[in-house]
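Chemist: would you be able to build a 3D model of this:
(4 chains)
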There are 2 protein chains.
Amino acid sequence: MAETARRPDHRYGNRPTMKDVAARAGVGLKTVSRVVNGEPGVTPDTERRVQEAIQALGFRRNDSARVLRKGRTASVGLVLEDLADPFYGPLSRAVEEVARAHGALLINGSSAEDPEREQELALALCARRVDGLIVIPSGDDHRYLEPEMRAGVATVFVDRPAGRIEADTVLSDSFGGARAGVAHLVAHGHRRIGFIGDRPRIHTAAERLRGYRAAMEDAGLPVDDAWVSLGPTEPARVRAAVAAMLAGPEPVTALFAGNNRVTVTAVRELAGRTRPVALVGFDDIELADLLGITVIAQDAAALGRTAAERLFRRLDGLHEAPWRVELPTVLVPRGSGEVPPA
Amino acid sequence: MAETARRPDHRYGNRPTMKDVAARAGVGLKTVSRVVNGEPGVTPDTERRVQEAIQALGFRRNDSARVLRKGRTASVGLVLEDLADPFYGPLSRAVEEVARAHGALLINGSSAEDPEREQELALALCARRVDGLIVIPSGDDHRYLEPEMRAGVATVFVDRPAGRIEADTVLSDSFGGARAGVAHLVAHGHRRIGFIGDRPRIHTAAERLRGYRAAMEDAGLPVDDAWVSLGPTEPARVRAAVAAMLAGPEPVTALFAGNNRVTVTAVRELAGRTRPVALVGFDDIELADLLGITVIAQDAAALGRTAAERLFRRLDGLHEAPWRVELPTVLVPRGSGEVPPA
DNA sequence: CCGGCTGTTGACAACGTTGTCCAGGCTCTA
DNA sequence: TAGAGCCTGGACAACGTTGTCAACAGCCGG
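Modeler: Sure thing, here's the model as predicted:
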């Protein structure tokens, strides 16, 4: 067989390596490594020669190889529900800032509220050997992460607790927030209050419902089944739920909306009505001040920051039992929650 | 020196490798590789033994090593301005969806509108050997990416053009959108129209200003210097600008807001006033429909999707001259832009 | 002038995976 | 039943970097 030009089986578009730099600078491989990493023990003159070769060749260190050798990737993963949701943008940004302060990059992925996709994503991130993982759970069984955690992947859950596994967790006080919001409506004279929330398998949704029931019970008020609507939060369903609660002989006089998407749709639906209906929503919304919407605000950025800081403390070697915080929520009265019963 | 237990110099928390799996299954290393990658040429029985060993050890392939060997990382980088900005959330999500469809992960970073940070981030992503890069420029000189692009990193710029470099670019029609928005105000009888925008070094800001001037000129209207305010879009400055334009003997009767942040602040500032002022804003905003804000809407998700699709076509080997599209914008009349001059 | 010391440098192995290539056992055909 | 061909499996090198260690030069003090 004729000897064809021998080729390596692949190439990063033919990037120069440290070996190439070394050859050009007339020094050893390790010396280039030292210069690139700012390690001591290189004469100024040698360093200059190496730097010139780096410039001339346009060399950039291959972090993949570095990672393989060092065992740390300086990257963390964030699995959330939907990056396009205005609640998660600030959360992700906060995580990114903390990561940046620790010299790490952030890889994030959206689970679209699909447990399988969450798992697929989280495991893909583990295969990439992220140093740590922050997860906003979609599913309710995270045992699939046990081997990874044992193998050293620091993991923190945010916004919702992990399922069937012990782990660091950062939550907002959904129960207390909802309870306070509903109590606020009660204090303004409402006795028939509706609750529209997400599917109860979502922990925050269940907690908020629990808060609603607790507040009603605190006030000695009954809860009619027709006043509670749980399910996917797409507009059509929420509109229908609002309409249903406002129909009939004994309509609700106030609504508690279980999250930002529900609040937005409820406001739209109520805007077309004449009889005033009080409304308190969970989650703050941009421009809610102008629309006069009373909300239970949670601090998405603080959730992300807290989780990320915990993660990096773990990576710095902190070794203690799993830990759990609940960040407080704040009632922000803006008008819609202070409307008296019609 | 006493012989201490010999240790490898690092460990991923002691994860099993293919070698360990091979030993346990009593097969060769390469056979494990074949099973893990679903390659043909393995008997069902051998495969079963390997799978069992994988299960038992909790093995997960180390993608870092894989990347090193294969030269492709199946990941793309996205450098944007601020993930917490509601404009970039959907854009990022759209990119992520396309990446996912191609089996790639997305690493994103926020430049915080700082050119140096943009460069630092983009180069860090290149060092990670992302296959491709999508950049929303903060700076106006991207020659620093030339060596990377030559080395094979596919690169697409979005929302703003690259500086001093030829590359694929996806833009919104800022000029046309602003021109149409201002023309809309003119059509409703306004002659003194203010423009509040971002710093003119930002391409979109400059284009929108150009659109404003063009529309005024089209209508044969003069532009008073006092009607144009450019600078950082933080609330204090924007409020001051609005106040200044509405003061004096000949105040503007209408405002064109150069982006979503300006619009929001302008709405807040105008809410406290009695004399009605018409307003059209660039970028759509959640709940703008309820507030009756007329906007020039651009489709952030479409920007992201278009850019990502282009990126992956490049990665699939497309080899042609740099390319540039401008996606259209849409005028959405909702009331605030149809107010007649006071 | 020599022994030891410091400070610079490079050879080499290893990180965990995949591509190449060959060996050995099997089946099938003539 | 011998030879050809196929299928399965494994040994080995390579990807680009960093840690270890040893070699070597120059310097100082005795």
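Chemist: quick check: A:Met216 is in a strand.
Modeler: No. A:Met216: not assigned to a strand; according to DSSP: H, G, I helix; E, B strand; the rest coil it is helix.
Chemist: residue contacts, the spatially closest residue to it that is not a sequence neighbour?
Modeler: Spatial nearest neighbour of A:Met216, chain neighbours left out: A:Val223 (5.2 Å); criterion: CB to CB, 6 or more residues apart in numbering or on different chains. C-beta: built from backbone N, CA, C; applies to glycine. Counting by CB atoms under 8 Å, 6 or more residues apart in numbering or on different chains, A:Val223 touches A:212-213, A:216.
Chemist: if you rank those by neighbours, which is first?
Modeler: Counting neighbours by other CB atoms under 10 Å in any protein chain shown, A:Tyr212 comes out on top of the contacts of A:Val223 with 26 neighbours.
Chemist: separation between that residue and B:Leu68?
Modeler: 54 Å (CB to CB, to the nearest Å).
Chemist: show me what the helix or strand hosting A:Glu120 is packed against.
Modeler: Assigned by DSSP states H and E, A:Glu120 falls within helix A:115-127. Packing contacts for helix A:115-127, counted by 3 or more CB pairs under 8 Å, 6 or more residues apart in numbering or on different chains; DSSP states H and E, involve strand A:75-80, strand A:105-110, strand A:132-135, helix A:146-150.
Chemist: the same query, at a cut-off of 6 Å, please.
Modeler: Packing partners of helix A:115-127 (3 or more CB pairs under 6 Å, 6 or more residues apart in numbering or on different chains; DSSP states H and E): strand A:75-80.
Chemist: now do the buried residues in the helix or strand that comes right after the strand it packs on.
Modeler: Later in the chain than strand A:75-80, the nearest helix or strand by DSSP H and E is helix A:88-101. Buried residues in helix A:88-101, counted by 16 or more other CB atoms under 10 Å in any protein chain shown: A:88-100.
Chemist: swap in stretch A:119-126?
Modeler: Quick answer for stretch A:119-126 (16+ other CB under 10 Å): A:119, A:121-126.
Chemist: same question for stretch A:118-137, mean pLDDT?
Modeler: Stretch A:118-137 carries an average pLDDT of 96.
Chemist: quote the end-to-end distance of it.
Modeler: End-to-end distance for stretch A:118-137, by CA to CA, to the nearest Å: 7 Å.
Chemist: list the contacts of that stretch.
Modeler: Residues from elsewhere that reach stretch A:118-137 (CB atoms under 6 Å, 6 or more residues apart in numbering or on different chains): A:72-73, A:75-81, A:109, A:111, A:138-139, A:144, A:148, A:153-160, A:307, A:311, A:315, B:60-61, B:63-64.
Chemist: before we move on, back to that, report the angle between the helix holding A:Glu120 and helix B:88-101.
Modeler: 80 degrees (axes from the mean of the first three to the mean of the last three CA atoms, to 10 degrees).
Chemist: helix A:115-127 close to DNA strand C?
Modeler: No. Using CB under 7 Å from any atom of the strand, we find that helix A:115-127 stays clear of DNA strand C, coming within 8.7 Å at best.
Chemist: what does stretch A:260-272 rub up against?
Modeler: Outside stretch A:260-272, the residues touching it (CB under 6 Å, 6+ apart) are A:87, A:196, A:233, A:235, A:238-239, A:242, A:255, A:257, A:277, A:281, A:283, A:285, B:290.
Chemist: for the record, mean pLDDT for that stretch?
Modeler: The model assigns stretch A:260-272 a mean pLDDT of 94.
Chemist: and for stretch A:90-105?
Modeler: Here the average pLDDT along stretch A:90-105 is 96.
Chemist: same question, stretch A:35-48
Modeler: 94.
Chemist: in it, which residues are buried?
Modeler: Buried residues in stretch A:35-48 (16+ other CB under 10 Å): A:35-36, A:42, A:46-47.
Chemist: which ones among the residues you listed are found in helices?
Modeler: Residues of the buried residues of stretch A:35-48 located in helices (DSSP state H): A:35-36, A:46-47.
Chemist: adding distance to DNA strand C, write those out as JSON lines.
Modeler: JSON lines is the format used below for these (distance: CB to the nearest atom of the strand, whole Å):
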{"residue": "A:Val35", "distance to DNA strand C": "9"}
{"residue": "A:Val36", "distance to DNA strand C": "13"}
{"residue": "A:Thr46", "distance to DNA strand C": "4"}
{"residue": "A:Glu47", "distance to DNA strand C": "7"}
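Chemist: which of the contacts of stretch A:118-137 are buried? Put it as a ChimeraX command.
Modeler: Under the burial definition 16+ other CB under 10 Å, those of the contacts of stretch A:118-137 that qualify are selected in ChimeraX by:
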select /A:73,75,76,77,78,79,80,81,109,111,138,139,144,148,153,154,155,156,157,158,159,160,307,311,315 /B:60,61,63,64
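Chemist: near DNA strand C, from the contacts of stretch A:118-137?
Modeler: B:Arg61.
Chemist: which stretches of chain A form strands?
Modeler: Under the criterion DSSP state E, chain A contains strands at A:75-80, A:105-110, A:132-135, A:154-158, A:168-172, A:193-197, A:228-230, A:254-257, A:278-282, A:294-297, A:324-327, A:330-332.
Chemist: just how off-centre is the fifth one within its chain?
Modeler: A distance of 11 Å separates the C-alpha centroid of strand A:168-172 from that of its chain, computed with CA atoms, centre = their mean, to the nearest Å.
Chemist: pLDDT of that strand, averaged?
Modeler: Here the average pLDDT along strand A:168-172 is 98.
Chemist: run through the neighbouring helices and strands of that strand.
Modeler: Counting by 3+ CB pairs under 6 Å, 6+ apart, strand A:168-172 packs on strand A:154-158, helix A:300-315, strand A:324-327.
Chemist: quick one: the second one to strand A:75-80, angle?
Modeler: The directions of helix A:300-315 and strand A:75-80 differ by 140 degrees, with the same axes, to 10 degrees as the criterion.
Chemist: surely A:Leu91 and A:Gly304 touch.
Modeler: Yes. If you go by CB atoms under 6 Å, A:Leu91 and A:Gly304 touch, sitting 3.9 Å apart.
Chemist: ok so, going back, now do the helix holding A:Glu120: distance to the chain's middle.
Modeler: Worked out by CA atoms, centre = their mean, helix A:115-127 lies 15 Å from the chain centre.
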